[in-house]
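>>> here is my input; please provide its structure:
(one chain, ligands or ions: 2)
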Amino acid sequence: MKKEVRVEDAIGMRLAHDLTRIVPGEFKGRAFRKGHVIREEDIPALLNIGKEHIYILELSAGELHEDEAAMRMGRALCSDQMRFEEPHEGKVVLQAERPGLLKVDEERLFAINMIDEIAVVSRKTDTPLQAGDKIAGLRAIPLTIAEAKVAEVERIASEGDLFAIKPFRRLQVGVVTTGSEVLTGRIEDKFGPRVREKLERFGSQVIGQQIVGDRVEDIENAIISFQESGADMVLCTGGMSVDPDDRTPGAIRRAATEVVSYGMPVLPGSMMMLAYRGEMPIFGLPGCVIFDEFTSFDILLPRVLAGERVTRSEVARLGHGGLL
Ligand SMILES: Nc1nc2c(c(=O)[nH]1)N[C@H]1C(S)=C(S)[C@@H](COP(=O)(O)OP(=O)(O)OC[C@H]3O[C@@H](n4cnc5c(N)ncnc54)[C@H](O)[C@@H]3O)O[C@H]1N2
Ligand code: MOO
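Ligands and ions are numbered 1, 2, ... in the order given. Purely as a prediction, here's the structure:
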């Protein structure tokens, strides 16, 4: 049961929920905490955030306060390597405790959000996470909610992890840089530092870089020699498009035992190639990876680092939302 009381008459009463203040561009957050006992000096501040009335609450059996509902959903959905804190403004946030690739069971998330008055809002599956990153926000929509709805969330959650974090492997990576302009020293190599920085963010490292020209055999041999000297992955840079000097795709084809895809429905990064030589992934990185902050490489690299073997049909699915 909830009853409305004018703020002027509410001195000495307890707030039934957190109250939010928003100042555009400056502040959005909790102005008053649930349970706060209203004092005479609070009244102007309450009126300033538009509260002329407050609720006085008496929960009936089978009814939960929004904070209790959020806490119970937090406990049900928090899996390994995640944490959450007490609710703020009726919402609990799940956060990653370690870096890794987020996996979301999309169908069961959908089932939970089909429960009326429940909102479980997550990052997209396959999002790379750093420690401390948010994974999901959980809340009941009304101030009080039927306990049965929260129990249904708990039932769906008990079928297995709705959210999981796959750790990143720490790979030893070889870089094969193609292009006569780099080999002859006409221009300075910009690919090496670029991919080194991307890999280090995930805890992997470049064990060597071979600067070769545009000859197919040289590119192929460089890939094979990296594998023989213990590389877990090889990145080939440049020479991925349609000029007569663009020989990298052909060389990767010769070194590979499986070509997953040459070309991806992602822009930028449509000229990227992914292949495997045995278990070792080989990427062909087009020139845009030096230039653009986020490309198809940034979509696939975290998945490969999390130990997933990417398939052709998964690549094809990237077209939806692939215009970055
Ligand atoms: N007619 C077409 N033009 C282009 C196509 C196409 O399909 N048809 N594809 C476009 C796409 S997409 C990309 S991305 C770019 C570049 O593709 P490439 O991987 O073939 O890049 P390169 O030709 O090797 O080099 C382009 C540019 O970048 C410079 N470069 C290359 N490597 C390095 C390096 N290690 N350090 C610094 N700079 C480097 C190179 O000198 C060129 O200036 O093609 C589009 N065009
Ligand atoms: O599509 Mo390219 O490989 O710019 O980006």
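>>> ok, residues contacting stretch 199-208?
99, 128, 168-175, 192, 195-196, 226, 229-231, 233, 301-302, 305 (Cβ atoms under 8 Å, 6 or more residues apart in numbering). Glycine gets a C-beta too; all of them are placed from N, C-alpha and C.
>>> and if we set it to 6 Å?
Phe168, Arg170, Leu171, Gln172, Val173, Gly174, Val175, Arg196, Leu305 (Cβ atoms under 6 Å, 6 or more residues apart in numbering).
>>> what of stretch 222-230?
Gly174, Val176, Gln210, Val212, Val234, Ala255, Met280.
>>> same question for stretch 45-65.
Contacts for stretch 45-65 (Cβ under 6 Å, 6+ apart): 1-7, 10, 16, 21, 31, 144-145, 147, 150.
>>> out of those residues, give me the two with the largest separation.
Arg6 and Val150 (31.6 Å; Cβ to Cβ).
>>> can I get stretch 268-281 in CSV, CA atoms only?
The C-alpha trace of stretch 268-281 is given here as CSV (Å, rounded to 0.1, in the frame of the first residue of the first chain):
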residue,chain,number,x,y,z
PRO,A,268,35.8,0.4,-42.2
GLY,A,269,37.7,-2.8,-42.5
SER,A,270,35.9,-4.5,-45.4
MET,A,271,39.2,-5.6,-47.0
MET,A,272,40.2,-7.6,-44.0
MET,A,273,41.1,-11.3,-44.1
LEU,A,274,40.9,-14.0,-41.5
ALA,A,275,42.5,-17.4,-42.0
TYR,A,276,44.1,-20.2,-39.9
ARG,A,277,47.2,-22.2,-40.3
GLY,A,278,46.3,-25.1,-38.1
GLU,A,279,45.2,-23.5,-34.8
MET,A,280,47.1,-20.2,-35.5
PRO,A,281,45.0,-17.3,-36.7
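>>> so what's the gap between that stretch and the chain middle?
Relative to its chain's centre, stretch 268-281 lies at 22 Å (Cα atoms, centre = their mean, to the nearest Å).
>>> quick revisit: among the contacts of stretch 222-230, name the ones in helices.
In helices, judged by DSSP state H, the following of those are found: Ala255.
>>> how about the contacts of stretch 222-230, which pair is most distant?
Going by Cβ to Cβ, the pair spanning the contacts of stretch 222-230 furthest: Val212 and Met280, at 18.1 Å.
>>> what about those two, which has more around it?
Neighbour count, other Cβ atoms under 10 Å: between Val212 and Met280, Val212 has more, with 24 against 19.
>>> contacting residues for that one?
Thr178, Asp218, Ile219, Ala222.
>>> count of neighbours near the residue lying closest to it once chain neighbours are set aside?
Nearest residue to Val212 in three dimensions, chain neighbours excluded: Asp218, at 4.2 Å (Cβ to Cβ, 6 or more residues apart in numbering). Look at Asp218: counted by other Cβ under 10 Å, it has 17 neighbours.
>>> work out for me the element Asp218 sits within.
Assigned by DSSP states H and E, Asp218 falls within helix 216-228.
>>> tell me the SS of the residue nearest to Ser261 when sequence neighbours are not counted?
Distances taken as Cβ to Cβ, 6+ apart place Val315 nearest to Ser261, at 4.5 Å, with adjacent residues excluded. Using DSSP: H, G, I helix; E, B strand; the rest coil, the structure places Val315 in helix.
>>> which residue ranges of this protein form helices?
Counting by DSSP H, the helices of the chain are 43-48, 66-77, 106-113, 147-157, 180-183, 191-201, 216-228, 248-255, 288-291, 296-305, 312-317.
>>> turn these into TSV, including mean pLDDT and distance to Val93.
Shown next, in TSV, are the helices of the chain (pLDDT from 0 to 100; distance: least, Cβ to Cβ, whole Å):
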stretch	mean pLDDT	distance to Val93
helix 43-48	94	26
helix 66-77	97	8
helix 106-113	98	16
helix 147-157	98	16
helix 180-183	94	46
helix 191-201	97	23
helix 216-228	98	42
helix 248-255	97	43
helix 288-291	96	33
helix 296-305	98	22
helix 312-317	98	29
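>>> Gly132 is nearest to which of those helices?
Short answer: helix 191-201, nearest of the helices of the chain by Cβ to Cβ, at 14.4 Å.
>>> put the alpha carbons of that closest one into PDB.
In PDB, the C-alpha atoms belonging to helix 191-201 read as follows (Å, rounded to 0.1, in the frame of the first residue of the first chain):
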ATOM      1  CA  PHE A 191      51.400  -0.300 -38.500                       C
ATOM      2  CA  GLY A 192      53.800  -1.800 -36.000                       C
ATOM      3  CA  PRO A 193      53.200   0.700 -33.200                       C
ATOM      4  CA  ARG A 194      49.400   0.600 -34.000                       C
ATOM      5  CA  VAL A 195      48.900  -3.100 -33.600                       C
ATOM      6  CA  ARG A 196      51.400  -3.300 -30.700                       C
ATOM      7  CA  GLU A 197      49.300  -0.800 -28.700                       C
ATOM      8  CA  LYS A 198      46.100  -2.700 -29.500                       C
ATOM      9  CA  LEU A 199      47.500  -6.000 -28.400                       C
ATOM     10  CA  GLU A 200      49.000  -4.700 -25.200                       C
ATOM     11  CA  ARG A 201      45.700  -3.400 -24.100                       C
END
